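Peer 1: Predicted model and sequence below, questions to follow.
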Amino acid sequence: MSSNKCSLPENLQKVVLNLAQTSIKVGLANRAAPTVDVQAFPAELREPRATFVTLELDGHLRGCIGSLSAGRPLAEDVVENAFAAAFRDPRFPPVTEAERERLAIHVSLLTPAEPMNFGSEEDLLGQIVPGVDGLILEDAGRRGTFLPAVWESLPEPWQFLMHLKRKAGLSEHHWSDTVKVWRYRTEVVG
């Protein structure tokens, strides 16, 4: 997974990864995410931030769940998303104890999503920044997102957008005047 320079100090990046690891370990034992005493953490980890937690096993995706908007403190968001990625991602069975030690954990810290203005699909494709932009696409009551890390497997903007439409439950050729797209960036820990 590519890594963008992270604004969190290195010691706090270690805390973030430890929170995710602990959430999965406790989740295996208790079948629930641990409770987080947010006040026990430095100010940077108490600030509301949107995060995604991605789990890889032997280089393959093993779970990925996150938040698109900053609705809770960073420390709490990481704990909840790590638990959800390990045990609630509908694409995978729950993580097992045998897998836990072999998991690679990546935590993406999202910037606030910004709406994109475009007049056509071609106009949108021309504005997307490959390798940098994460996108949220919404239309016809459907919604999907791809983190910037997805550019590693879908390097062309048209591929990225086509697969994002599929992920949202739309046809890969879908387009309408009501399509909405937001872009965000990420900093990756781990």
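Peer 2: Perfect, thanks for sending it.
Peer 1: Which parts of the chain are helices?
Peer 2: Ranges of helices within the chain are 10-30, 43-46, 74-87, 97-100, 121-127, 157-167, based on DSSP state H.
Peer 1: do you know which of those lies nearest K180?
Peer 2: helix 121-127 (10.6 Å; CB to CB). C-beta coordinates here come from the backbone N, C-alpha and C atoms, glycine included.
Peer 1: So which elements touch that closest one?
Peer 2: helix 157-167 (3 or more CB pairs under 8 Å, 6 or more residues apart in numbering; DSSP states H and E).
Peer 1: Buried ones in the helix it packs on, by neighbour count?
Peer 2: Within helix 157-167, the residues scored as buried using 16 or more other CB atoms under 10 Å are P157, F160, L161, M162, H163, L164, K165.
Peer 1: Reformat these as a markdown table; add pLDDT and distance to V26.
Peer 2: Compiled in a markdown table, the buried residues of helix 157-167 are given as follows (pLDDT from 0 to 100; distance: CB to CB, whole Å):
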| residue | pLDDT | distance to V26 |
| --- | --- | --- |
| P157 | 97 | 40 |
| F160 | 98 | 35 |
| L161 | 98 | 38 |
| M162 | 98 | 39 |
| H163 | 98 | 34 |
| L164 | 98 | 33 |
| K165 | 98 | 37 |
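Peer 1: what about stretch 167-181, how long is it end to end?
Peer 2: Counting by CA to CA, to the nearest Å, you get 14 Å between the two ends of stretch 167-181.
Peer 1: Now do the residue most central in space within the chain against G63, distance only.
Peer 2: Nearest to the geometric centre of the chain sits F52, at 2.9 Å (CA atoms, centre = their mean). Distance of F52 to G63, computed by CB to CB, to the nearest Å: 11 Å.
Peer 1: got any ranges where this structure has weak pLDDT?
Peer 2: The chain contains residues with pLDDT under 70 at 1-4.
Peer 1: if we go to 90?
Peer 2: 1-7, 190 (pLDDT under 90).
Peer 1: circling back to that earlier point, pretty sure the residue nearest to the centre of the chain contacts N81?
Peer 2: Yes: under the criterion of CB atoms under 8 Å, F52 makes contact with N81 at 6.5 Å.
Peer 1: anything in contact with each of those two?
Peer 2: Common contacts of F52 and N81, defined by CB atoms under 8 Å, 6 or more residues apart in numbering, comprise I65, G66, S67.
Peer 1: Can you tell me which of these is closest to N30?
Peer 2: Of the shared contacts of F52 and N81, the one sitting nearest to N30 (CB to CB) turns out to be I65, at 18.2 Å.
Peer 1: Next one: that closest one from A86, what distance?
Peer 2: Distance of I65 to A86, given as CB to CB: 9 Å.
Peer 1: More neighbours: the two, which one.
Peer 2: Taking other CB atoms under 10 Å, I65 and A86 do not tie; A86 has more neighbours (28 against 20).
Peer 1: Just give the closest residue to that one, not the sequence neighbours.
Peer 2: Leaving out its chain neighbours, the residue that sits closest to A86 by CB to CB, 6 or more residues apart in numbering is V95, at 4.2 Å.
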